[in-house]
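Novice: Turn this into a model:
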Amino acid sequence: MRRSTLAKALLTLVLLVLLCGTFWWMRFPILRAAGNYLMPEDPLQPVDAIYVLGGSSLDRGKEAAQVMHGDRSPVVYFTGGNVPTALESIGVMRTEAEVCLQAAIQAGLAPKKGQALRVGTSTMEESQFILVHAKRYGYKRILVISSRFHLRRIGRVFREPFEEEGINVLLHGAPSDQFQEARWWQYEEGLIMLNNEYVKLLYYAWRY
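Specialist: Purely as a prediction, here's the structure:
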């Protein structure tokens, strides 16, 4: 009996060591896959309108200007009703939509092609507003721009309700200036962003 118990314990230990060794050997592909799962990006193509979600204004504003250089849309809208705390602390009460639009203009966007929509304090609120807005103007295909790691959650929020209204939603990610998504685990900002997104995915799955 004692030998049998010892043999089982040794076998369990060997399997555990092999499992840990395999994980360590495969750690980089596993970590990379964890990031890639969050970035289901669509190929760029002409659309009726582009919407840029609030937050990470510099990254998203620059990417919006870059996308618009390809003449893929006649207009780009910037949403977001929150005032960044850094601006609020110095008494500059400009919303994320306004800040992102300004970043896009500085990156080369023609001012007449951009419009700030000062609404939305969450991804869900922005999606609900954009749905009403897109229906009002008769858009049938839109492009939504956000940070790359946000795309999985955005797709779950946008695609089904928009498709029910006959609107095709494409997703495009703005690369971060603070870390490289392909090597997110090497940056503190990347660790925080990935952790936050997986937590939010679980929250949105439970809440909505």
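Novice: For the rest of this, base every contact and every neighbour count on C-alpha atoms.
Specialist: Noted.
Novice: OK, contacts around Lys62?
Specialist: Ala103, Ala104, Ala107 (C-alpha atoms under 8 Å, 6 or more residues apart in numbering).
Novice: Out of those, who's the most crowded?
Specialist: Ranked by neighbour count (other C-alpha atoms under 10 Å), these have Ala104 at the top, with 27 neighbours.
Novice: isn't that one right up against Met68?
Specialist: No. Taking C-alpha atoms under 8 Å as the definition, Ala104 is not a contact partner of Met68, at 9.7 Å.
Novice: Torsion angles phi and psi at the most centrally placed residue in the chain?
Specialist: By C-alpha atoms, centre = their mean, the mean C-alpha position of the chain lies nearest to His150, the distance being 1.8 Å. Note on His150: its backbone torsions stand at phi -90, psi -10 [degrees, to the nearest 10].
Novice: Roughly how far does it sit from Glu189?
Specialist: Separation of His150 from Glu189 (C-alpha to C-alpha, to the nearest Å): 14 Å.
Novice: Would you mind measuring from Val169 to Asn196?
Specialist: Val169 is 24 Å from Asn196, by C-alpha to C-alpha.
Novice: Of those two, which one has the most company?
Specialist: Higher neighbour count among Val169 and Asn196: Val169, with 19 against 13, using other C-alpha under 10 Å.
Novice: How confident was the prediction at the more buried one?
Specialist: Val169 is assigned a predicted lDDT (pLDDT) of 97.
Novice: Ala49 too?
Specialist: 98.
Novice: Who does Tyr51 form a beta bridge with?
Specialist: Legend: beta-bridge partners of Tyr51 under DSSP bridges are Tyr77, Val144.
Novice: Look at it and say how many residues are nearby.
Specialist: Tyr51, neighbours per other C-alpha under 10 Å, totals 25.
Novice: pretty sure it is touching Ile142, no?
Specialist: Yes. If you go by C-alpha under 8 Å, Tyr51 and Ile142 touch, sitting 7.4 Å apart.
Novice: now, which of the contacts of Lys62 lie within helices?
Specialist: Ala103, Ala104 (DSSP state H).
Novice: Please render the contacts of Lys62 as CSV that adds pLDDT and distance to Ser57 to the earlier fields.
Specialist: What follows is those, written out as CSV (pLDDT from 0 to 100; distance: C-alpha to C-alpha, whole Å):
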residue, pLDDT, distance to Ser57
Ala103, 96, 7
Ala104, 97, 9
Ala107, 95, 12
